[in-house]
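Undergrad: Just the structure for this:
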Amino acid sequence: MRRISSAVIDEESQVDLTPLIDVVFIMLIFFIVTATFIKETGIDVNKPEAPTSTQQKKANILIAIDARDNIWIDRRKIDIRSVVPNIKRLRSENPQGTVVIQADEESRNKTLVEVMDAARQAGEYNIALAANR
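TA: Got it, this is the predicted structure:
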């Protein structure tokens, strides 16, 4: 009788981890689906200082201008002529987002103005310039 009772006790003392694994897996899926992902332009930009800068809450259309006046959107170097279609595409994906232009300190003002004009041609008038505090 002692052997039978110890075998029963051993089987009952084991914890079934299947429900725990299911719960963790469901939580992982929930966090992946609900997480907002930050899009980067793909390059490091040396932004100018601005003590009065404010943070944009929904900045989903990021455009970078590097020191050599190259324009970058979604980690791709693009020509000034393709800025308008890229902004329209990104705007259709996220109509709530705003355009943020990250211009390097060494970039020319002409390139910045051309990108801002292209954004306005794409129908985006809410444009922000990125700066460090």
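Undergrad: What about residue 34, how many residues nearby?
TA: 7 (other Cβ atoms under 10 Å). Glycine gets a C-beta too; all of them are placed from N, C-alpha and C.
Undergrad: isn't residue 106 right next to residue 48, touching?
TA: No. Taking contacts as Cβ atoms under 8 Å, residue 106 lies outside contact range of residue 48: 10.0 Å.
Undergrad: so residue 128 is in which element?
TA: In the assignment (DSSP states H and E), residue 128 maps to strand 127-129.
Undergrad: So for that strand, mean pLDDT?
TA: The average pLDDT for strand 127-129 rounds to 87.
Undergrad: from the middle of its chain, how far away would it be?
TA: 16 Å (Cα atoms, centre = their mean, to the nearest Å).
Undergrad: Name the residues of that strand that come out as buried.
TA: Residues of strand 127-129 classed as buried by neighbour count (16 or more other Cβ atoms under 10 Å): residue 127.
Undergrad: now the helix ranked longest in the chain, how far from the centre of its chain.
TA: In terms of residue count, the longest helix belonging to the chain (DSSP state H) is helix 18-34. In terms of Cα atoms, centre = their mean, the centre of helix 18-34 is set 23 Å apart from its chain centre.
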